[in-house]
Every structure is written in C-alpha cells, then in structure tokens.
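>>> quick check, what structure comes out for this input:
(chains A, B, C and D)
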There are 2 protein chains.
Amino acid sequence: MNVYPDFSYIAKLMAEQTRAIILDSLMNGQALPASELAYMAKVSHPTISSHLAKLVEGNLLVMEQHGRHRYYRLASKEVAEVIEKLGTIAPPVEIRSLRQSSQLKQVRFGRTCYDHLAGDLGVKVTEALIEKEILYLEDGLYAVTKKGKEWFFQFGINIEEANTKRRIFAKPCLDWSERRYHISGWLGSAIATCFFDHGWITKADKNRAVHLTPKGINALKEHFGIRL
Amino acid sequence: MNVYPDFSYIAKLMAEQTRAIILDSLMNGQALPASELAYMAKVSHPTISSHLAKLVEGNLLVMEQHGRHRYYRLASKEVAEVIEKLGTIAPPVEIRSLRQSSQLKQVRFGRTCYDHLAGDLGVKVTEALIEKEILYLEDGLYAVTKKGKEWFFQFGINIEEANTKRRIFAKPCLDWSERRYHISGWLGSAIATCFFDHGWITKADKNRAVHLTPKGINALKEHFGIRL
DNA sequence: TTCATATTTCGATGATACCCTAAATGTATT
DNA sequence: AATACATTTAGGGTATCATCGAAATATGAA
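As a prediction, this is how the structure comes out:
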C-alpha cells in the first residue's frame, strides 16, 4: 500500500531512448509535428506515434492539431524543470570530439530551458537583477520591486500584463550546468523574448544553445552591469 | 551528438518497480541492509543484489559495509530532491481504502524527505521562520539572521557548527504535496533532529510520515506561532 | 577449523515492450 | 470525387532485462 506519487511511472516515460530524444527536442518549448520528431529520433512513423501517445497519456506532452499535422510540445514548464533537475545528478556527457566540446561550451554558456534562459547567461542575468534590486526572493518565488516595474517597462515588458492566475509569475529553476538558479515562469519567458526581440541573442541551429551578439554584449554591460 | 547530461540514464534506474521500492524505502535517509530491502520489495536476494549494484553504479546509492552486512542509503540529498520533484508531475495515488486515505493524510501533514521535514509541517515551519525574520532568502538559498542565530541556539542548534564546505547550508526543496518550499540541507537536518530530540514529533512505523505529539503542538504554537 | 549467515555470481527462463512493415484512417488539396 | 499527405492501428519478430534456483564467495561465530 503506497501513498506516495508514483514517480517511477514518470521515470519510465523518460527512461526510453527514443522518448528521451523527443523530450530533449522539445525542451526549448517549441512544438513539433510527429513526422519531424520521427526524423530526429531516426525511427519510423508508427514508432514515434506510439511513443507520443504514451507521453501525452502521462501528461508530459500536449498535442495540438493543425489540419492533418499534429504538433507536440511539453505539457508545462514543470516537465522541463524536472528534466533539468534530473540533469543535476546525471552523469555528464563524455566528450569525444573537439566539435562536441565546443558545443558543450556554448550550451553551458547560454541555452533555452522551455521558454526561458538558462546556463551561465541565465544565472548571471538573474543575479544581476537581484543585485540591482529589480527582483527579490520571497517565499521561494521572485517578485519585482517598484523600481523594477519601471525598469522592465523600458524594454517593453509590462509586469501588469502577467496573468498570474494562469501561470506562475517568476520562480527559481535549478540549472544542471551551473547548479545555481535562473528565472522561470512568465517573467523568465518575457525576458527571453525580450533578448531575442532586441537582437541580443540568437538561437543555434542544432541544439538549445543561444549565441550572444555584439549588440547583446553591449546590452549586458549597459543594462545589467555584466561584463564577460 | 548530444551535449546534455543523460537524464534518461537516471530515469531508467528509477523506472523499474523494484528499484523504485528500494529508493522509496531509503527516502527517509536511513541505511538498510540488502536482505531487508529484498524482504520489503518481495524479491529474492540475487534480484535485490543486482538492482543495488546498478543503483550504486549510477551514483544513486552508496554502500557501507559492516561485517557481513552491507548497508545501502541514498547517495545524497540531491537524489531525494529529484525524486520529490518527480512527484510533483507524477499522477497522484489512487485511494482505494479508508486506511490508505488516512495514511495519505498523515504523509501530507508531515514526513521526512531524506533527513529533513517536508509536507504541510515542513512548509509551515519554513514560512514561520521567514515570518519571524529568523531566515531569509538570498540567491536561492536560505540564510540566518543575527537574531536567528541566537534563536536557534536556545534549541541546541549552533549555526557556527554548520560545515558549509561539505554540505549546502540551507536551501529550498519543492514539496510534491504542498507544491511549496521547505528547508533542506544542513539546517533542514538540524531542525528535524531538534524536533525529534525534543519529542515534538515521532516517526511512523510503516511510512515516512511523522506524528505531532501534544508537546509538539505546544512547541509549534509557542516558538513558531503556528496553530493547527 | 568448522559451521552459520549475508551477499554475489552464474545460467536459464520468461515477460515486457520496442521496432518495423503493411494496411487503415483522417485531413487537405485539386 | 480523386489524389496526396500525415498519422495511427494491427500484428509479428526480436532484444532486453527482471527473475529465480543453485552454487560460489565473504565474513563472523563457535
């Protein structure tokens, strides 16, 4: 007679190689059609379809149908957080090539986690905002100071627009590479969008890494007091 | 070419039924010999031995040999935290009996998570300490105020003794039942030990639940301002 | 040394579930 | 209505791995 949530049910869903590739591919928050995922995981359509059904059944993914395409994405940012957290006790990847090593460096520097920024960049930005008294921690959640509200507004982020009913405003998310916290939730997403919109960062093709542009280097120094 | 930690390797270790029972049995931080775990999981000795070897290999458990007995326990509190976090997206248990329902209530009220307090009790104590300005959050970690140091001292907890080199001092750990944070780390462990030593709580036999004693009810009201 | 206890190694068995091909279903386009 | 495309269902082959009994190893007790 067990009274605890069945963690092994979720673990089982994440354990399988092909499903792990699916989850990994969706960790940046994007939605992808079944056929695309089949191609990425190098398995047949029936196989990917069966895996996707299981992941939806287990509430790890949600499906959205557009015509004859079915797009899948992570069911919530909690799912991304659990995967990121599993990474903190997982064995690090074995580096076998120079190319892999440089990719790892990029990913450690900055990446997307669901829809917000993680890696050294995500952590540095978070800590800078606290240092500048734009954010502070309260009851395990981030809150914005009065000064912070105005500060965010200059970048087109309107704190009043946060729908805190539907989504958590801002909360710490543990990083596997930094083992420190970055901002997730509505604000985390808004900040990431802001970085992309201002051309401070761009997405890598192959993985979740983000690249800092020259414009971005300036912005970090000027607005966040971060020098690299 | 993957550059992310292999989360599915850890998931695989946690996915199997028998291994899940092992991990669950060790979630309260205790160390148990192989034969005891075999009895709990209702499998043969060779079977449990093979599972234990895999869990040690994957750094989820550590083994300590005492004579011909081999005691196993969770390798770190991070492992417990990952399992607790998996619980936040896992399907809740189906309640089939009155007895199960009452056990669930007990576990939700208060339980051990590795070596610290979780559940409603763990969260309430944490929030009370923040309310009383004994603790505050800083950079995603809890810190003790000057006032707090003296306050803890009256209960035999000497903050100076915390070996912050070897172990994280105090950090928020997400609760699957409350979906709020409680204190883990050295301080979390010290607080739990203090509660047991003062006879405020006692351990349940069958699960990780803790029971509040009459003495404990008083202590909560008097020292923490918590009334139930 | 001899016996008892705790655990692991070995080898065989069996169940689970992943994978594919072929065929069916469902949706859009012409 | 006919065709094309995306995805799912059905069914069978196969690999993996959890399981157990028997035997081996390791440690402690007599």
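>>> which residues of chain A lie near DNA strand C?
Taking C-beta under 7 Å from any atom of the strand, the part of chain A that reaches DNA strand C is made up of A:12, A:16-18, A:42-47, A:50-51, A:54, A:65, A:67-68. Every C-beta, even on glycine, is put in place using the N, C-alpha and C of the backbone.
>>> which ones among these map onto strands?
Those of the residues of chain A next to DNA strand C mapping onto strands are residue A:65, per DSSP state E.
>>> closest one of the residues of chain A next to DNA strand C to residue B:87?
For the residues of chain A next to DNA strand C, the minimum distance to residue B:87 (C-beta to C-beta) is 14.3 Å, reached by residue A:12.
>>> what's the closest non-adjacent residue to that closest one?
residue B:15 (3.9 Å; C-beta to C-beta, 6 or more residues apart in numbering or on different chains).
>>> that neighbour against residue A:20, yeah?
No. Using C-beta atoms under 8 Å, residue B:15 and residue A:20 do not qualify as a contacting pair, with a distance of 11.5 Å.
>>> now do the shared contacts for those two.
With contacts taken as C-beta atoms under 8 Å, 6 or more residues apart in numbering or on different chains, residue B:15 and residue A:20 have residue A:14 as neighbours in common.
>>> give me the more crowded residue out of these two.
Between residue B:15 and residue A:20, counting by other C-beta atoms under 10 Å in any protein chain shown, residue A:20 is the more crowded of the two (23 against 20).
>>> and the more buried one, what does it touch?
Taking C-beta under 8 Å, 6+ apart, we find residue A:20 in contact with A:14, B:7, B:8, B:11.
>>> in helices only, show me those.
A:14, B:7, B:8, B:11 (DSSP state H).
>>> quick check on those residues: which are buried?
Burial of the ones in helices among the contacts of residue A:20 was assessed by neighbour count (16 or more other C-beta atoms under 10 Å in any protein chain shown); the buried members are A:14, B:7, B:8, B:11.
>>> now the second one. Nearest residue, chain neighbours left out?
Counting by C-beta to C-beta, 6+ apart, residue B:7 lies nearest to residue A:86, which is 3.9 Å off, once chain neighbours are set aside.
>>> so how many other residues sit close to the one you found?
The tally of other residues near residue A:86 (other C-beta under 10 Å) stands at 23.
>>> my read: it touches residue B:10, true?
Yes. Because the distance of 5.3 Å satisfies C-beta under 8 Å, residue A:86 is recorded as touching residue B:10.
>>> which neighbours do these two share?
The overlap between the contact sets of residue A:86 and residue B:10 (C-beta under 8 Å, 6+ apart) consists of residue B:82.
>>> quick one, phi psi at residue A:32?
Backbone torsions of residue A:32, given as degrees, to the nearest 10, read phi -130, psi 150.
>>> OK, contacts around it?
Per C-beta under 8 Å, 6+ apart, neighbours of residue A:32: A:25, A:26, A:40, A:71, A:72, A:73.
>>> so what sits opposite the nearest residue to the second one once chain neighbours are set aside in the bridge?
Meaning residue A:26. Take residue A:26 and drop its neighbours on the chain: the residue closest to it by C-beta to C-beta, 6+ apart is residue A:74, 5.1 Å away. Following DSSP bridges, residue A:74 is listed with bridge partners residue A:61.
>>> follow-up on the earlier one: of the contacts of residue A:20, which is the nearest to DNA strand D?
Of all those, residue B:8 has the smallest distance to DNA strand D: 11.0 Å, by C-beta to the nearest atom of the strand.
>>> how near is the closest one to DNA strand C?
Noted for residue B:8: a distance of 11 Å to DNA strand C, by C-beta to the nearest atom of the strand, to the nearest Å.
>>> now name the helix or strand holding the closest residue to that residue other than its chain neighbours.
Excluding its sequence neighbours, the residue lying closest to residue B:8 (C-beta to C-beta, 6+ apart) is residue A:20, at 3.6 Å. For residue A:20, the enclosing helix or strand under DSSP states H and E is helix A:17-25.
>>> what lines up beside the helix or strand that comes right after that helix in the sheet?
Tracing the chain C-terminally past helix A:17-25 and defining elements by DSSP H and E, one meets strand A:32-33 next. Taking DSSP bridges as the criterion, strand A:32-33 pairs within the sheet with strand A:69-74 (antiparallel).
>>> what's in contact with the partner strand?
Strand A:69-74 is touched from outside by A:22-23, A:26-27, A:29-34, A:37, A:52, A:55-56, A:60-65, A:80, A:114, with contacts defined as C-beta under 8 Å, 6+ apart.
>>> how close does the residue lying closest to residue A:175 once chain neighbours are set aside get to residue B:88?
Distance criterion C-beta to C-beta, 6+ apart; nearest residue to residue A:175, sequence neighbours excluded, is residue A:118 at 5.4 Å. Here the criterion is C-beta to C-beta, to the nearest Å. By it, residue A:118 lies 19 Å from residue B:88.
>>> who has more neighbours out of those two?
More neighbours sit around residue A:118 than around the other of residue A:118 and residue B:88, counting by other C-beta under 10 Å; the figures are 32 against 20.
>>> what's the separation between that one and residue A:199?
With distances defined as C-beta to C-beta, the gap from residue A:118 to residue A:199 amounts to 20 Å.
>>> how close does the residue nearest in space to the middle of chain A sit to DNA strand D?
Residue closest to the average C-alpha location in chain A (C-alpha atoms, centre = their mean): residue A:113, at 1.2 Å. Plainly put, residue A:113 is 25 Å away from DNA strand D if you go by C-beta to the nearest atom of the strand.
>>> ok, and for the helix holding residue A:20, which residues are buried?
Across helix A:17-25, burial judged by 16+ other C-beta under 10 Å covers A:18, A:19, A:20, A:21, A:22, A:23, A:24, A:25.
>>> for stretch A:215-226, same thing?
Neighbour count says stretch A:215-226 has A:216, A:219, A:220, A:223, A:224, A:226 buried, by 16+ other C-beta under 10 Å.
>>> endpoints of that stretch, how far apart?
The first and last residues of stretch A:215-226 sit 13 Å apart, counting by C-alpha to C-alpha, to the nearest Å.
>>> go on, stretch A:130-149?
Taking C-alpha to C-alpha, stretch A:130-149 runs 13 Å from one end to the other.
>>> residue contacts, residue A:125?
Contact analysis of residue A:125 by C-beta under 8 Å, 6+ apart lists A:117, A:182, A:183, A:191, A:220, A:224, A:226.
>>> now residue A:226
Residues touching residue A:226, when contacts are defined by C-beta under 8 Å, 6+ apart, comprise A:124, A:125, A:128, A:220.
>>> contacts with DNA strand D among those, please.
Checked against DNA strand D using C-beta under 7 Å from any atom of the strand, the contacts of residue A:226 give no members in range.
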